[in-house]
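Asks: generate a structure from the sequence data that follows.
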Amino acid sequence: MSNTKTIAILFASMAVLLGATMIANPISLVNAQGNQTNQTNQTNQNQPKANAGTKVVTITKIDVDPLMKAIKDAYPKAGDIKDDSVSALKDLKDAKETAKTMAAANLLRDLTQFKALQDMQ
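Replies: Down below sits the predicted model:
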């Protein structure tokens with residue numbers, strides 16, 4: 001009878017220790033990152049800031065047309081791919097070339113979307 005009680009207590013204590021470990025580990029990871037916001041906000045509060053009162057807004061427009069032209073020149077099949085249709089890639093035999101062409105097509109799609117976002121502003 002005492003042997004079963006000992007085994008039950010052993011399993012219960014293992015479960016408690018395992019649960020405590022699973023809770024304590026993520027907490028220690030969060031605390032390991034530190035609170036960098038408070039450190040930067042609390043340092044040199046009495047000193048005036050160099051650009052206090054001035055706000056600088058920089059808008060940079062990136063010309064994506066040369067990038068798109070370079071990609072289309074390097075991978076001519078990439079320009080033929082529309083809406084994730086891979087029918088333009090059927091005649092490519094090399095797997096690496098097919099993968100590169102698909103990546104180039106994704107870059108072209110992303111650059112087109114980026115250009116549209118820039119034109120909206």
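Asks: and the helices in the protein?
Replies: Taking DSSP state H as the criterion, the chain contains helices spanning 2-33, 36-42, 65-74, 95-120.
Asks: could I get those helices in TSV, plus columns for distance to A88?
Replies: Where you see a C-beta, it was placed from the backbone N, CA and C, and this is true even at glycine. Formatted as TSV, these follow (distance: least, C-beta to C-beta, whole Å):
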stretch	distance to A88
helix 2-33	47
helix 36-42	48
helix 65-74	13
helix 95-120	8
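Asks: could you tell me the least trusted of those?
Replies: The stretch with the lowest average pLDDT out of those is helix 36-42, scoring a mean of 53.
Asks: of all the helices of the chain, which lies closest to T58?
Replies: Taking C-beta to C-beta as the measure, the helices of the chain were each checked against T58, and helix 95-120 came out nearest at 14.3 Å.
Asks: residues of the closest one that come out buried?
Replies: Judged by neighbour count (16 or more other C-beta atoms under 10 Å), helix 95-120 contains these buried residues: T98, K100, T101, M102, A104, A105, L108, L111, K115.
Asks: is it true that the third one touches L89?
Replies: Yes. A contact is recorded between T101 and L89 when judged using C-beta atoms under 8 Å, the distance being 6.1 Å.
Asks: touching both of the two, which residues are there?
Replies: Between them, T101 and L89 share these contacting residues under C-beta atoms under 8 Å, 6 or more residues apart in numbering: K77, I81.
Asks: wait, which of the helices of the chain is closest to I81?
Replies: Nearest to I81 among the helices of the chain is helix 95-120; the distance by C-beta to C-beta comes to 4.1 Å.
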